[in-house]
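**Q** show me how the following folds:
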Amino acid sequence: MPGKAKPKTREREQIEERYRWRREDIFDDWDAWQQSYQSLEQLIGRYAALKGTLATGPQALLTALKLADELGQLAYRVWYFAGLAHDENQRDNEVDAKRQMVQILFAKQAEASSWFEPELLEIPLDQLRRWLAESAELAVYRFALEEVYRQQEHVLDRQGERLLSLLARARRTPQEAYAALSTADMRWPELELSDGDVVTLSYGEYQAILATRRAAEDRAAAWKALYGCFEANINTYAALYNGICQRDWFFAQARGYPSTLHAALHPNNVPPKVVENLIAATRAGVAPLRRYHQLRKRVLGLERYHLYDGQIPLLELERQYCFDDVAQWIVDSVAPLGEAYQQEMRAAFEGRWIDVYENDGKRAGAYSAPVYGVHPYVLLNYNDTLNDVFTLAHELGHSLHTVLSHQNQPFVYAGYTIFVAEVASTLNEALLLELLLERSDDPAERALLLQHAIDAICGTFYTQVLFADWELAAHRLVEQGQPLTAESLGQLYLSAMEDYFGDAVALPSRYGITWARIPHFFATPYYVYQYATCFASSAALLRRLRSPDHDPQQVIEGYLGLLRAGGSDHPMELLRRAGVDLEQPETVGAVSQQLDDLVDRLEQELAAVG
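**A** Sure, this is the predicted structure:
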């Protein structure tokens, strides 16, 4: 039986319960949350009281580490219960106040724990290693403890660490101001489309227009209307982003790093050359990207082709992808990864891990929240488009990574790094694509699926490298003492777009403001390049899986081993164990060839359609 289309309502209470996540799996109600909040506050006090004890022996160190684990596990639940509620309706000030209470408590936690690393480093490394050899319980923490010593030159003395901890709350201010300006305080414009429909142009509705409205004037009008909201406040966005870059440079200098890039990569032991090589190799491989957009321009019959024309399907194949149908497809698609993996995927749908549809005040976009001790939670704003289908597969890839990591690692290693986070999500998308291509005998449908695969490379690889390129250049301006203004940021962004797209895409000057709509720039600097490295990694794993030179079961086991490993080693090493080496140029360069091959296949399917 086909699934239902998305509900017409934007009122959350009117959306069927089965399409709303079940926060009660974390706490029964706000009273239970309040009790745990108070318990967390007490644990922070207990942890602070351990200051000065580490040198007394291995048992004291183990006590501190176990208490930190207990504190961290509770913090996950306290934070996400309030955070998920806030994301259901960001206009609810009462819930937002509770979320801010947790942030204030986390700032206290940072201050209360700032003594640990400086005090640990007073213990000679040889002595610590003797303790590790003598205690199996303590040996569990070997990698985490030795990481502190590896980064020793960038750890300040106790007073310095305390001062930096006092900035924990303030350092989030630009990010929170951006979220308020771009979501909570955003006044969505109304837009009349060419067929007379009037829509409220939320983020979700904007994406739906770009993906479904074949009239070019509708896409152009939506782009102008949405970015008009950003253009009206562009100087404010520039001031906020300058605050982000100045903050990053302050912390890099405070800890003795030569650049913000070094500061961002050093904790995961990733050489800055990885990012620099990624950008250089991608810039050298833009020809297939331009070729694809030139193909789109011809097929769509557009005199001028813009990036907002890049999501519309090349062929008219009217279809909505109902959530209930897609759920089964995704479960089927992961069968190659084994029955246990497939069963965990099924649990995500049956256990109400997913908040499916858009409602008034709901946070835009999509994510997977790793709530330790419960299960992941997935936020969507599902609009029945093909893009939404793959967004769901993407976020569930994150969720299954979380499940396997939490099941197989002690708490100290349960969280995996951003550097490997996107491997599972992009591989999930690739598996779903393979299943859908296999099940289709319609060249038009296959053409649209191939288009999606190509768009994934353009969006997850090329676009993210462009973002990283711009982000690195902006940070370097600050490091060189240069000003960041709306004008300079816009010129920098427009120049990068011209380098990547050339004359394949029309690039009027107004494109220079589009950086302001990228939340990752404000939320997690030096994050986006990892989408590209993870895409290259998942592509390498798929090539190994399909290659006759490799045993498929060994490749799958290596991949699942990566997911199970969590954060138990440096991410580059975890990837090498799974058969991926990002220091090899061909790992990145092969993506350009993959895109070229897919464009060839797309041209063949389009020719078959006639």
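**Q** please name the residues that touch A281.
**A** P585, V588, G589 (CB atoms under 8 Å, 6 or more residues apart in numbering). For glycine as for every other residue, the C-beta is placed from the backbone atoms N, C-alpha and C.
**Q** element containing it?
**A** helix 272-284 (DSSP states H and E).
**Q** tell me the gap between that helix and the middle of its chain.
**A** When C-alpha coordinates are averaged (CA atoms, centre = their mean, to the nearest Å), helix 272-284 and its chain have centres 20 Å apart.
**Q** and that helix, which residues are buried?
**A** Of all the residues in helix 272-284, those buried under the rule 16 or more other CB atoms under 10 Å are V274, V275, N277, L278, I279, A281, T282.
**Q** spell out the residue ranges of the helices in the stretch 401-550 of the chain.
**A** 418-439, 443-457, 463-479, 486-501, 519-523, 529-546 (DSSP state H, counting those that start in this stretch).
**Q** meant to ask about the stretch 201-350 of the chain
**A** Under DSSP H, counting those that start in this stretch, the stretch 201-350 of the chain gives helices at 203-212, 216-231, 234-254, 260-265, 272-284, 287-300, 323-333, 339-350.
**Q** counting by contacts, list what the fourth one packs against.
**A** This means helix 260-265. If you count contacts as 3 or more CB pairs under 8 Å, 6 or more residues apart in numbering; DSSP states H and E, helix 260-265 packs onto helix 234-254, helix 272-284, helix 463-479.
**Q** columns distance to L380 on top of these, output as TSV?
**A** Shown next, in TSV, are the helices and strands packed on helix 260-265 (distance: least, CB to CB, whole Å):
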stretch	distance to L380
helix 234-254	26
helix 272-284	29
helix 463-479	21
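**Q** rank those helices by pLDDT, which is bottom?
**A** Here the lowest mean pLDDT among these goes to helix 272-284, at a mean of 91.
**Q** closest to S538 out of the helices of the stretch 201-350 of the chain?
**A** S538 lies closest, by CB to CB, to one member of these: helix 323-333, at 14.1 Å.
**Q** now that closest one: buried residues?
**A** F323, V326, A327, W329, I330, V331, S333.
**Q** ok, now stretch 572-581?
**A** Buried residues in stretch 572-581 (16+ other CB under 10 Å): M572, L574, L575, A578, G579, V580.
**Q** isn't A110 up against S165?
**A** Yes: counting by CB atoms under 8 Å, A110 does reach S165; the two are 4.2 Å apart.
**Q** and of the buried residues of helix 323-333, the nearest to V148?
**A** Out of the buried residues of helix 323-333, the member with the shortest distance to V148 (by CB to CB) is I330, at 39.9 Å.
**Q** dump the helices of the stretch 201-350 of the chain to CSV, plus distance to D551.
**A** What follows is the helices of the stretch 201-350 of the chain, written out as CSV (distance: least, CB to CB, whole Å):
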stretch, distance to D551
helix 203-212, 39
helix 216-231, 47
helix 234-254, 44
helix 260-265, 33
helix 272-284, 29
helix 287-300, 31
helix 323-333, 22
helix 339-350, 18
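**Q** nearest to I44, out of these?
**A** helix 234-254 (22.7 Å).
**Q** got the angle for that closest one vs helix 216-231?
**A** Put simply, helix 234-254 runs at 60 degrees to helix 216-231, going by axes from the mean of the first three to the mean of the last three CA atoms, to 10 degrees.
**Q** which residues sit against helix 234-254?
**A** Here helix 234-254 makes contact (CB under 8 Å, 6+ apart) with 156, 160, 164, 171, 173-175, 177-178, 181, 230, 258-260, 262-264, 474-475, 477-479, 484-486, 489-490, 513, 515-516, 521-522, 525.
**Q** if we can go back for a sec, and the helices and strands packed on helix 260-265, which is most packed in?
**A** helix 463-479 (a mean of 22; mean count of other CB atoms under 10 Å).
**Q** what's that one packed up against?
**A** Under the contact rule (3+ CB pairs under 8 Å, 6+ apart), helix 463-479 is packed against helix 234-254, helix 260-265, helix 272-284, helix 486-501, helix 519-523, helix 529-546.
**Q** of the ones you listed, which is nearest T63?
**A** Using CB to CB, the helices and strands packed on helix 463-479 put helix 234-254 closest to T63, at 30.0 Å.
**Q** pLDDT weak spots in this structure?
**A** Residues of the chain that meet the criterion pLDDT under 70 lie in 1-3.
**Q** which strands and helices lie in contact with the biggest helix by length in the chain?
**A** Using DSSP state H, we find that the single longest helix of the chain is helix 58-88. Helix 58-88 sits against helix 30-48, helix 93-113, helix 116-120, helix 125-134, helix 136-139, strand 367-370, strand 376-379, with contacts defined as 3+ CB pairs under 8 Å, 6+ apart.
**Q** what about 7 Å?
**A** In terms of contacts (3 or more CB pairs under 7 Å, 6 or more residues apart in numbering; DSSP states H and E), helix 58-88 is packed against helix 30-48, helix 93-113, helix 125-134, helix 136-139, strand 376-379.
**Q** for A208, which of those is the nearest?
**A** Closest among the helices and strands packed on helix 58-88, using CB to CB: strand 376-379, at 17.2 Å.
**Q** so what strands line up beside the closest one?
**A** strand 354-355 (parallel), strand 367-370 (antiparallel) (DSSP bridges).
**Q** give me the contacts around that strand.
**A** Residues from elsewhere that reach strand 376-379 (CB atoms under 7 Å, 6 or more residues apart in numbering): 21, 80, 84, 87, 353-355, 363, 366-371, 395-396, 399, 402-403.
**Q** ok, 6 Å please
**A** 21, 84, 87, 353-355, 366-371, 395, 399, 402 (CB atoms under 6 Å, 6 or more residues apart in numbering).
**Q** residue most distant from the centroid, this protein?
**A** T56 (41.6 Å; CA atoms, centre = their mean).
**Q** and the gap between that residue and D87?
**A** Applying CB to CB, to the nearest Å, the value for T56 to D87 is 44 Å.
**Q** returning to what we had before: now render the strands paired with strand 376-379 as TSV, adding distance to P313 and mean neighbour count.
**A** Output for the strands paired with strand 376-379, formatted as TSV (distance: least, CB to CB, whole Å; neighbours: other CB atoms under 10 Å):
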stretch	distance to P313	mean neighbour count
strand 354-355	25	26
strand 367-370	26	20
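**Q** which stretch among those strands comes nearest S440?
**A** Nearest to S440, of these and by CB to CB, is strand 354-355 at 25.7 Å.
**Q** which one among the buried residues of helix 323-333 gets closest to Q553?
**A** S333 (18.3 Å).
**Q** thought L435 was touching the closest one, still the case?
**A** Yes: the pair S333 / L435 is scored as a contact, 4.2 Å apart, by CB atoms under 6 Å.
**Q** tell me who's in contact with L317.
**A** For L317, the contact set (CB under 6 Å, 6+ apart) comprises A444, L448.
**Q** mind redoing it with 8 Å?
**A** With the criterion set at CB under 8 Å, 6+ apart, L317 makes contact with A444, E445, L448.
**Q** ok, the second one to L314 distance?
**A** If I follow you right, that is E445. Counting by CB to CB, the gap from E445 to L314 is 12 Å.
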